[in-house]
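A.B. asks: What shape does this take:
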Amino acid sequence: MNYLIVELRFVNLLTKTMIMMRILTYFAFVFLLTFISCKPKPETTNSTYLDDNKEVKIIKPVKFEIEDTQLYIKEILDSGEISIINRKLFAKEVLLEFYKRRDFEAAWLDYINIDQLINAIENVAKDGLNPEDYHLDDVKKAYAKFKSSDAIEPKNFAAFDVLLTDALLLVSSHLITGKVHPESLKNQWMVQVQSYKRNFEEVAELIETSLEKHQVEQLIESIKPKHYMYTGLKEALKNYEQFSKKGEWEEIPSGPTIKLGDKSSRVLAIRARLLATEEIQAYQAENDSIYDKELQKQMRIFQKKYGIEADGNVGKNTLRELNISLEHRINQIKANLERGRWVLYNIEKKFIVVNIAGFELYFVEDNKELLTSAVMVGKYHTQTPIFKDTMQYLVINPTWTVPRSLNHTYIPKLTNDLDYFADKNMEVITMQGVTVPFEGTDWSKYNTRNFPYMFRQKAGPGNALGEIKFMFPNKFSVYLHDTPARSLFSEDSRAFSHGCIRTKEIYQLAEMLLEPNDKDWSLETIKSVIESRKTTNVSLKEKVPVLLLYWTVGIGFNQNLYFKPDIYKRDQVLIDALKADFKY
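C.D. replies: Now for the predicted structure:
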């Protein structure tokens, strides 16, 4: 009996022990699960696929896990180049500032940031830039290699990391200042380009923030010009590259001028050319070989768009524009996008702009065209320079001091045709402005090399500067002015001057510039001063910026695309520079 009691007690104890062990085992398992779930894990993303009708999860990494890159990043920045791929660094100063902020640790660990940068670089092709200028091939190859590697050398990743940051800085700089510095093109452009550091004072901090917020692509997009000229040219580039998928258009054979009613196989080629760029609406013609009224109407629209006399006939000038290749038109659009990157930042609300290639002046306020005027610009050998300055004052009834470069025209007349100077209302003056008498002076001893005086035309009818000149003092001695030769404004190509800009709508321009002045400068007041024949200087209360630019392709205020003849042959130089490798 005692034995039985002992055995029962033992069984009871054993049962309690087993229950306790099960309870402890359960809690231990729960604790283990909790520990595992709380333990930090590498960042990954999940995807699934079906295997034998079972859903299987695949865990993919979303960032690189790499350490010990600081020393190598420092070495790269100190050397100024990434030696393993023979790449010089573009912005060493900014790179150093950026990596110092993060204690020289790698910045490009997240895949999403790298993907965004690659997408953004590829997309600059839409801005007319070459993505390969921004290390694209090197970046994509290294990225693919690292993603497929089980182990990554810190030294190699450090080079990759700096390469990405440098690519971001390089593409950003080109979008803000242009790839080609304008003053490198034989001093054609004297407009001060923007600095990416001026636009974004804290460049290093901006990069850091864009990486933290995964906004690399948005950053690059945000720094592109937002002006309608730039966005319109991008749309034009997109359209013309779409046209190019159909192939280059056929050249139209030369021949006599095609006029209304003419029948020729060349008319078929003209139709095909206009249809290729959708510059004519397709219609059912009685005979496609006949140059009919509808085709002539469409040709006038084409001629206006391309800056040709809009007579509706297909003469040599129209044929020349029609036969410019599609490839060149695309390159022209890219060249003018580059010009846009030079100047289309921080434009004032009110300004005057002259498109030299288009022979036109615009007075603009709040993106509205207040005035358009035909202008005459410099001849090919006396080209109007491209620059920006500020309109300061007007001169009503100006005198004209002849540039010394033209003295060779006038000095011989001093000995053989003194009546010329009376007819032209001209005088000879000293450098101090004192009149030198024609009679009693031995002019035979002077030539262009030793002539100590100046020629000046007095104010009045026939003065070369007309009734008003508009002064924005500059080192080129270029200004806007009236002209007595007003019939030349009716010409389509108006490169007639020695560099200054002869302006048709002088009265309206003067009235608009003088409107903010305290005195009432109405049109009647301006004309009364002109009638006085007295030379009168009028300072402007509101100084207005003046931009002299050169657009061979652009977007008008009506958002229409236009092409203008490249009168100074400047496009090809810029096109070649854009195609060349970027020089650090």
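A.B. asks: So E205 belongs to a strand, correct?
C.D. replies: No. Read with DSSP: H, G, I helix; E, B strand; the rest coil, E205 is helix and lies in no strand.
A.B. asks: any idea how far it is from T483?
C.D. replies: E205 sits 54 Å away from T483 when distances are taken as CB to CB, to the nearest Å. Every residue, glycine included, has its C-beta placed from N, CA and C.
A.B. asks: And those two? Which one has more around it.
C.D. replies: Between E205 and T483, T483 has the larger neighbour count (other CB atoms under 10 Å), namely 23 against 13.
A.B. asks: what stretches of the chain score poorly on pLDDT?
C.D. replies: 1-61, 186-189, 191-201 (pLDDT under 70).
A.B. asks: What about D520, how many residues nearby?
C.D. replies: 9.
A.B. asks: What of R329?
C.D. replies: 20.
A.B. asks: List the residues that contact it.
C.D. replies: R329 is in contact with 240, 553, 563, counting by CB atoms under 8 Å, 6 or more residues apart in numbering.
A.B. asks: ok, and the most crowded of these?
C.D. replies: V553 (26 neighbours).
A.B. asks: which residue packs closest to that one, ignoring adjacent ones?
C.D. replies: The shortest distance from V553 to any residue other than its chain neighbours is 4.4 Å, reached at N336 (CB to CB, 6 or more residues apart in numbering).
A.B. asks: contacting residues around the one you found?
C.D. replies: Here N336 is in contact with 233, 551-554 (CB under 8 Å, 6+ apart).
A.B. asks: how about these, which pair is most distant?
C.D. replies: The most widely separated members of those, counting by CB to CB, are L233 and T552 (11.2 Å).
A.B. asks: Determine the longest strand present in this protein.
C.D. replies: strand 536-549 (DSSP state E).
A.B. asks: Okay, now the sheet partners of it, with direction.
C.D. replies: Take DSSP bridges as the rule and strand 536-549 pairs in its sheet with strand 350-355 (parallel), strand 387-396 (antiparallel).
A.B. asks: just to revisit the earlier point, of L233 and T552, which one has the most company?
C.D. replies: The neighbour comparison of L233 against T552 (other CB under 10 Å) goes to L233, with 29 against 24.
A.B. asks: measure that one to A495 for me?
C.D. replies: On the measure of CB to CB, L233 and A495 end up 24 Å apart.
A.B. asks: again with S148
C.D. replies: Distance from S148 to A495, by CB to CB: 60 Å.
A.B. asks: Looking at these two, which one has more neighbours?
C.D. replies: Taking neighbours as other CB under 10 Å, S148 and A495 compare with A495 leading, 20 against 7.
A.B. asks: Is it correct that that one is in contact with G378?
C.D. replies: Yes. Under the criterion of CB atoms under 8 Å, A495 makes contact with G378 at 6.5 Å.
A.B. asks: Not counting sequence-adjacent ones, nearest residue to K224?
C.D. replies: In space, K224 is closest to L175, 5.4 Å off (CB to CB, 6+ apart).
A.B. asks: burial measure for that neighbour, as a count.
C.D. replies: Around L175 there are 21 residues (other CB under 10 Å).
A.B. asks: Give me the residues contacting stretch 436-446.
C.D. replies: Residues contacting stretch 436-446 (CB under 8 Å, 6+ apart): 411, 414-415, 418, 421, 427-430, 452-453.
A.B. asks: Please indicate which of these are buried?
C.D. replies: 411, 414, 421, 427-429, 453 (16 or more other CB atoms under 10 Å).
A.B. asks: which ones among these are found in strands?
C.D. replies: Per DSSP E, the buried ones among the contacts of stretch 436-446 map to strands at 427-429.
A.B. asks: Throw these into a markdown table and include distance to Y111, thanks.
C.D. replies: A markdown table is the format used below for these (distance: CB to CB, whole Å):
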| residue | distance to Y111 |
| --- | --- |
| E427 | 78 |
| V428 | 78 |
| I429 | 75 |
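A.B. asks: of the residues you listed, closest to D133?
C.D. replies: I429 (55.2 Å).
A.B. asks: Wait, that closest one touches Y453, no?
C.D. replies: Yes. I429 lies in contact with Y453 (CB under 8 Å); the separation is 6.4 Å.
A.B. asks: The strands paired with strand 536-549: which one's closest to V364?
C.D. replies: strand 350-355 (5.7 Å).
A.B. asks: Go ahead and name everything in contact with that closest one.
C.D. replies: 360-366, 375, 377, 384, 391, 480, 501, 509, 542, 544-551, 554, 564.
A.B. asks: Can you give me the buried ones in stretch 172-183?
C.D. replies: 172-180, 182.
A.B. asks: cool, stretch 496-508 as well?
C.D. replies: For stretch 496-508, by 16+ other CB under 10 Å, it's 496-497, 499-506, 508.
A.B. asks: closest to V124 among these?
C.D. replies: Comparing the buried residues of stretch 496-508 against V124 with CB to CB places I501 closest, at 34.8 Å.
A.B. asks: Would you mind measuring from the closest one to E360?
C.D. replies: For I501 relative to E360 (CB to CB), the value is 10 Å.
A.B. asks: what's the overlap in contacts for those two?
C.D. replies: 354, 375.
A.B. asks: neighbouring contacts of stretch 76-95?
C.D. replies: By CB under 8 Å, 6+ apart, stretch 76-95 touches 96, 99, 135, 138, 156, 158-159, 162-163, 165-166, 169-170, 173, 197, 203-204, 584.
A.B. asks: and the end-to-end length of that stretch?
C.D. replies: 10 Å (CA to CA, to the nearest Å).
A.B. asks: tell me the phi and psi of I290?
C.D. replies: phi -100, psi 130 (degrees, to the nearest 10).
A.B. asks: D482 now?
C.D. replies: Residue torsions, per degrees, to the nearest 10, at D482 are phi -80, psi 180.
A.B. asks: And I324, by the same measure?
C.D. replies: Torsion angles, degrees, to the nearest 10, at I324: phi -60, psi 130.
A.B. asks: Pull the number of nearby residues for it.
C.D. replies: Neighbours around I324, by other CB under 10 Å: 16.
A.B. asks: For it, give its distance to L275.
C.D. replies: 16 Å.
A.B. asks: likewise D110?
C.D. replies: 49 Å.
A.B. asks: Comparing these two, which residue is more hemmed in?
C.D. replies: D110 (17 against 13).
A.B. asks: Give me the neighbour count for the nearest residue to the more buried one once chain neighbours are set aside.
C.D. replies: Closest residue to D110 apart from its sequence neighbours, by CB to CB, 6+ apart: K63 at 4.8 Å. By other CB under 10 Å, the residues close to K63 number 15.
A.B. asks: Please apply the same query to A91.
C.D. replies: Neighbour tally, A91, other CB under 10 Å: 20.
A.B. asks: Likewise for the one 3 residues further on?
C.D. replies: The number of residues packed around V94, counting by other CB under 10 Å, is 21.
A.B. asks: and what of K259?
C.D. replies: K259, neighbours per other CB under 10 Å, totals 13.
A.B. asks: Who are the contact partners of it?
C.D. replies: 291, 313.
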